[in-house]
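In: sequence isn't available, so here's the structure alone:
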């Protein structure tokens, strides 16, 4: 009987170890998903800036015309710095649910059918750095764009910053 109790005790300790391992694995997976989603959002915004920059670059060279016309966001006043500018809020799946002012985006119910996923989890903002020294004279002007993503994971504030040089 004593041997059986000792074996049961050792088995119970092993099961508690596995439970702790499982809990840690779930926490790490959740943290990993947050980092991956934040990286996805940052790269999505940088791709939008790069697309607008390429359009602006070719439009400036009179290679293309604006059809349909669009309102520039990133290429206004090229060469100058742009201070931290809100971009909007994104849900847990990386879908933009609020605009720069905090108002819901248009067609939110269509974009996010699940009402539980319409709240922003990630907040994004962007910065454009000024030229260092004298602005380049060539047509290959580039500036650094930085996208910052902030979110709360448990009780901790998390941040991710991604930058890219974009020609326009």
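Out: Cool, got the structure. Please read these numbers as outputs of a predicted model, since none were measured by experiment. Numbers count the residues shown, from 1 in each chain.
In: which residues of this protein score low on pLDDT?
Out: Applying pLDDT under 70 to the chain flags the ranges 60-70, 132-140.
In: and the helices in it?
Out: Secondary structure of the chain (DSSP state H): helices at 2-60, 108-111.
In: next, the buried residues of stretch 83-102.
Out: Using 16 or more other Cβ atoms under 10 Å as the test for burial, stretch 83-102 gives 87, 88, 89, 90, 91, 92, 96, 97, 98. All C-beta atoms are positioned from the backbone trio N, CA, C, and that covers glycine.
In: ok, now stretch 73-84?
Out: 74, 75, 78, 82.
In: in strands, which of the residues you listed fall?
Out: residue 82 (DSSP state E).
In: now, which of the buried residues of stretch 73-84 sits nearest residue 150?
Out: residue 82 (18.3 Å; Cβ to Cβ).
In: in CSV: the buried residues of stretch 83-102, plus distance to residue 30.
Out: Below are these laid out as CSV (distance: Cβ to Cβ, whole Å):
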residue, distance to residue 30
87, 24
88, 23
89, 19
90, 17
91, 15
92, 10
96, 22
97, 20
98, 23
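In: thinking again about what came up before, for residue 121, find the nearest of the helices of the chain.
Out: helix 2-60 (8.1 Å).
In: who are the packing partners of that closest one?
Out: Counting contacts by 3 or more Cβ pairs under 8 Å, 6 or more residues apart in numbering; DSSP states H and E, helix 2-60 packs against strand 82-90, strand 122-128, strand 142-153, strand 156-167.
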